[in-house]
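Colleague: Need a 3D model of the sequence below.
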Amino acid sequence: GDLARYCDPGAPESLRAALAATLADPGAAARADALRAHVARHMSWEGYARATAEAYQRALQSPPKAPPA
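Modeller: Presented below is the predicted three-dimensional model:
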């Protein structure tokens, strides 16, 4: 969301611009704290493991698709 700063990691100029914007942002520390709290609340290894297991279960229950001709 708007707590993170985005850039193209394969484009040095994009990365430089994001870093420069962060360094110039007086609210960067507060945004970083809010982002850390968001990640801690909403993202966990357990959650990702559960979502992966559910995706595999759905895949196992789906009929196989015919290969392209």
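
Colleague: Please count neighbours and contacts with C-alpha atoms only from this point.
Modeller: OK.

Colleague: Neighbours of Pro26, how many?
Modeller: Neighbour count of Pro26, defined by other C-alpha atoms under 10 Å: 10.

Colleague: pLDDT value on it, please?
Modeller: We have a pLDDT of 96 for Pro26.

Colleague: quick check: longest helix of this structure.
Modeller: When the chain is parsed with DSSP state H, its longest helix is helix 45-61.

Colleague: so how far is that helix from its chain's centroid?
Modeller: Put simply, helix 45-61 sits 18 Å off its chain's centre (C-alpha atoms, centre = their mean, to the nearest Å).

Colleague: How about exporting that helix as CSV, limited to the C-alpha atoms?
Modeller: Written as CSV, here are the backbone C-alpha positions of helix 45-61 (Å, rounded to 0.1, in the frame of the first residue of the first chain):
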residue,chain,number,x,y,z
TRP,A,45,5.2,-18.1,7.8
GLU,A,46,2.2,-20.0,9.2
GLY,A,47,-0.2,-18.0,7.0
TYR,A,48,1.9,-18.6,3.9
ALA,A,49,2.2,-22.3,4.7
ARG,A,50,-1.6,-22.6,5.2
ALA,A,51,-2.3,-20.7,1.9
THR,A,52,0.2,-22.9,0.0
ALA,A,53,-1.4,-26.1,1.5
GLU,A,54,-4.9,-24.8,0.5
ALA,A,55,-3.7,-24.1,-3.1
TYR,A,56,-2.3,-27.6,-3.4
GLN,A,57,-5.5,-29.1,-2.1
ARG,A,58,-7.5,-27.1,-4.7
ALA,A,59,-5.1,-28.2,-7.4
LEU,A,60,-5.5,-31.9,-6.4
GLN,A,61,-9.3,-31.5,-6.5
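
Colleague: ok, and for stretch 55-67, which residues are buried?
Modeller: Buried residues in stretch 55-67, counted by 16 or more other C-alpha atoms under 10 Å: none are found.

Colleague: Ala34 contacts Gly1, doesn't it?
Modeller: No. The pair Ala34 / Gly1 is not scored as a contact, 11.3 Å apart, by C-alpha atoms under 8 Å.
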